[in-house]
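# With the sequence up front, the predicted model follows.
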Amino acid sequence: MMNFSANNLYLVKSYQYDKANILYFKDKHTNRIYKLYDYQKSLVFDENTPYCISGKINSADNKLYLIIETAKIDKKNLLTSLHKKE
């Protein structure tokens, strides 16, 4: 397994399943969409808040899975997004 981390991610959609929550995040800088898996099912996200997310990359069935280990509010980009709204 390898590590990953990304900043300035905004929640687009989330789905709750028995084994894991699947979350789609958009990177505001690159416009990439990330599909992340929360197997702990303990994280709560707000759509209008930027996040820093890190975790592990797991591969199975020739697919890559991004598994969330930690998530916190991206305070640097939170301040810039608040200034843009004014």
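It's in.
# ok, and the closest non-adjacent residue to Phe4?
Ile57 (5.3 Å; C-beta to C-beta, 6 or more residues apart in numbering). For every residue, glycine as well, the C-beta is placed using N, CA and C.
# what bridges to the one you found?
On DSSP bridges, the residues paired with Ile57 through beta bridges are Met2, Leu66.
# and if you look at Asp38?
Asn21.
# Adjust the sequence numbering to begin at 18 for everything that follows.
With 18 as the first residue, the last one maps to Asp55.
# separation between the nearest residue to Tyr82 once chain neighbours are set aside and Tyr56?
Closest residue in space to Tyr82, ignoring its immediate chain neighbours: Asn75 at 4.6 Å, by C-beta to C-beta, 6+ apart. As judged by C-beta to C-beta, to the nearest Å, Asn75 and Tyr56 stand 10 Å apart.
# Near the residue nearest to Phe21, how many residues? Count them for me, please.
Neighbour count for Ile74, taken as other C-beta atoms under 10 Å: 12.
# Show the contacting residues for it.
Ile74 is in contact with 18-21, 81-84, counting by C-beta atoms under 8 Å, 6 or more residues apart in numbering.
# what does Lys73 give?
By C-beta under 8 Å, 6+ apart, the residues touching Lys73 are 18-21, 83-84, 86.
# any idea which of these is closest to Lys92?
Glu86 (19.2 Å; C-beta to C-beta).
# for this protein, what are the low-confidence residue spans?
96-103 (pLDDT under 70).
# where along it do the strands fall?
19-33, 38-44, 50-55, 68-77, 80-90 (DSSP state E).
# picking that back up, quick check on the contacts of Lys73: which are buried?
Neighbour counting with 16 or more other C-beta atoms under 10 Å marks 21, 83-84 as buried within the contacts of Lys73.
# Using a markdown table, lay out the contacts of Lys73 together with distance to Lys93.
Converted to a markdown table, the contacts of Lys73 look like this (distance: C-beta to C-beta, whole Å):
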| residue | distance to Lys93 |
| --- | --- |
| Met18 | 28 |
| Met19 | 25 |
| Asn20 | 20 |
| Phe21 | 19 |
| Leu83 | 22 |
| Ile84 | 24 |
| Glu86 | 20 |
